[in-house]
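**Q** Could you look at this predicted model? Sequence included:
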Amino acid sequence: MNNKYNPALFWFAVLNAVATFLLIGLGGLVTSHEAGMSVPDWPTSYGYNMFALPIKFWTGGAFFEHTHRLLASVVGLLTTILAVWLWLKDPRKWLTWLGIAAFLLVIAQGILGGLRVKWQLDWLGIPHGAVAQAFQVLTCAIALFTSRWWLDSSAEKQVAVPRGLRSHVLYVTILIFIQLLIAATMRHQHAGLAIPDFPLAYGKIWPSTSAEAVASYNAHRVEINNANPITAFQVNLQMAHRLVAYAIFLGVAAVAFLARKKLGGADGLTRLAWFWFALLALQIVLGAATVWWNKAADVTTLHVMVGASALLTGALWWMMAERRTQRAK
């Protein structure tokens, strides 16, 4: 089937993807500022219609939480329009169903966010964060699938990407998603920093998690903003987070070097792989800064956004590699 490039549809899909990325960043600010319950009701805000909340309430944590709600509503509207547009104008049935999936995901995301407020359950922030990351990848994939590059069937035949390299990128990308779930679990336990130093952990390569050691960690804490005590599980979870980060960094470094070897240094996917590597290097620096600066809100939020960017880069790299290989056959 011959699909024609629709620039209006493509740029609308890009707008939706950008808005989604900004929404993730704003959600990071909400969590970093401990503002998740600043507006105590839902779907209303302090008893008002969400879209008519008086400006006097837009202060402190409520500013971040309410702005997050408003932007989420905008993303929901954009996604709905995009799904209908794809249904009416794009002949590819599989892409139509992706639009429907995006519509259902954004509804699920809104319900999860609302139930977290109504039921006051912090753990709902974990699936809320997971759906947000999956939704971001889906919106960006739709933008890619509607792009001129994807649809240009007259493009010159390109070099296929080796199957092993494509599989490696997919596995690393899945590992990044798992890492983001670990991070979301850490962030939504509201226990502050389970390990206050880096690159060591309580001065050791691997800290003790005995009852006596954990009691000592809690007794010597200098944080003043945490509500919950540190547990052995949280210490081990943060160590797992660090180990997975190193594994991802090495995995992405391998992608960059393999792409240069197999595809050439001037290849677009090779350049994207090196960009991915730079993102991971920045992410590790931001992770260290989060510890050194005691979870400063802006640094922590930037850490969240770079992590989301790393997931997105890996997913798009894999999709583009699959498309190129399909064309090369």
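**A** All right, it came through fine.
**Q** Can you pull out the low-pLDDT segments for the stretch 151-300 of the chain?
**A** Applying pLDDT under 70 to the stretch 151-300 of the chain picks out residues 153-157, 190-192, 222-227.
**Q** Likewise for the stretch 1-150 of the chain?
**A** 1-2, 34-36.
**Q** let's see 50
**A** 1 (pLDDT under 50).
**Q** Mind jotting down where the helices sit in it?
**A** 7-32, 60-89, 93-119, 125-145, 148-151 (DSSP state H, counting those that start in this stretch).
**Q** Just tell me which of those ends up closest to residue 247.
**A** Nearest of those to residue 247, taken as C-beta to C-beta: helix 125-145 at 18.5 Å. For the C-beta atoms, the positions are set from N, CA and C on the backbone; glycine is no exception.
**Q** Only the buried residues of that closest one, if you could.
**A** 125-145 (16 or more other C-beta atoms under 10 Å).
**Q** Same question for stretch 76-85.
**A** 76, 78-79, 82-83, 85.
**Q** CSV for those, including distance to residue 51?
**A** Formatted as CSV, the buried residues of stretch 76-85 follow (distance: C-beta to C-beta, whole Å):
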residue, distance to residue 51
76, 13
78, 16
79, 18
82, 21
83, 22
85, 24
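**Q** closest to residue 173 among those residues?
**A** Among the buried residues of stretch 76-85, and counting by C-beta to C-beta, the member closest to residue 173 is residue 79, at 22.6 Å.
**Q** Can you get me a residue count around the closest residue to the closest one other than its chain neighbours?
**A** With C-beta to C-beta, 6 or more residues apart in numbering as the criterion, residue 79 has its nearest non-adjacent residue at 4.6 Å, and that residue is residue 106. Burial measure for residue 106: 27 neighbouring residues, criterion other C-beta atoms under 10 Å.
**Q** Next one: residue 106 from residue 78, what distance?
**A** 9 Å (C-beta to C-beta, to the nearest Å).
**Q** Equivalent analysis for residue 279, please.
**A** Using C-beta to C-beta, we find residue 279 at a distance of 26 Å from residue 78.
**Q** Residue 19 now?
**A** 6 Å.
**Q** Show the contacting residues for the residue nearest to residue 79.
**A** 75-76, 79-80, 135 (C-beta atoms under 8 Å, 6 or more residues apart in numbering).
**Q** Need the residue in this structure that's farthest from the chain's center.
**A** residue 212 (36.3 Å; C-alpha atoms, centre = their mean).
**Q** What helix or strand is it located in?
**A** In the assignment (DSSP states H and E), residue 212 maps to helix 211-219.
**Q** looking just at contacts, which helices and strands does that helix meet?
**A** In terms of contacts (3 or more C-beta pairs under 8 Å, 6 or more residues apart in numbering; DSSP states H and E), helix 211-219 is packed against helix 232-263.
**Q** Go through the helix it packs on and flag the buried ones.
**A** Neighbour counts over helix 232-263 (16+ other C-beta under 10 Å) mark 232, 234-235, 237-239, 241-242, 244-245, 248-249, 251-256, 258-260, 262-263 as buried.
**Q** follow-up on the earlier one: among the contacts of residue 106, which pair sits farthest apart?
**A** 80 and 135 (13.3 Å).
**Q** before we move on, the earlier item: just put the helices of the stretch 1-150 of the chain in TSV and tack on distance to residue 164.
**A** What follows is the helices of the stretch 1-150 of the chain, written out as TSV (distance: least, C-beta to C-beta, whole Å):
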stretch	distance to residue 164
helix 7-32	29
helix 60-89	34
helix 93-119	26
helix 125-145	23
helix 148-151	24
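**Q** okay, those, which one's buried deepest?
**A** Stretch with highest mean neighbour count among these: helix 125-145 (a mean of 21; mean count of other C-beta atoms under 10 Å).
**Q** Specify the angle between that helix and helix 7-32 in degrees.
**A** If you take axes from the mean of the first three to the mean of the last three C-alpha atoms, to 10 degrees, helix 125-145 sits at 160 degrees to helix 7-32.
**Q** Only C-alpha atoms, please: export helix 125-145 in PDB.
**A** This file holds the C-alpha atoms of helix 125-145, laid out as PDB (Å, rounded to 0.1, in the frame of the first residue of the first chain):
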ATOM      1  CA  GLY A 125       3.200   6.400  41.600                       C
ATOM      2  CA  ILE A 126       5.200   3.400  40.400                       C
ATOM      3  CA  PRO A 127       2.800   2.100  37.700                       C
ATOM      4  CA  HIS A 128       2.000   5.800  37.000                       C
ATOM      5  CA  GLY A 129       5.600   6.400  36.200                       C
ATOM      6  CA  ALA A 130       5.900   3.100  34.200                       C
ATOM      7  CA  VAL A 131       2.900   4.000  32.000                       C
ATOM      8  CA  ALA A 132       4.300   7.400  31.500                       C
ATOM      9  CA  GLN A 133       7.500   6.000  30.000                       C
ATOM     10  CA  ALA A 134       5.700   3.500  27.800                       C
ATOM     11  CA  PHE A 135       3.300   6.300  26.600                       C
ATOM     12  CA  GLN A 136       6.300   8.500  25.800                       C
ATOM     13  CA  VAL A 137       7.900   5.800  23.600                       C
ATOM     14  CA  LEU A 138       4.500   5.200  21.900                       C
ATOM     15  CA  THR A 139       3.900   8.800  21.100                       C
ATOM     16  CA  CYS A 140       7.400   9.200  19.600                       C
ATOM     17  CA  ALA A 141       7.000   6.000  17.700                       C
ATOM     18  CA  ILE A 142       3.800   7.300  16.100                       C
ATOM     19  CA  ALA A 143       5.700  10.500  15.100                       C
ATOM     20  CA  LEU A 144       8.400   8.400  13.600                       C
ATOM     21  CA  PHE A 145       5.900   6.300  11.700                       C
END
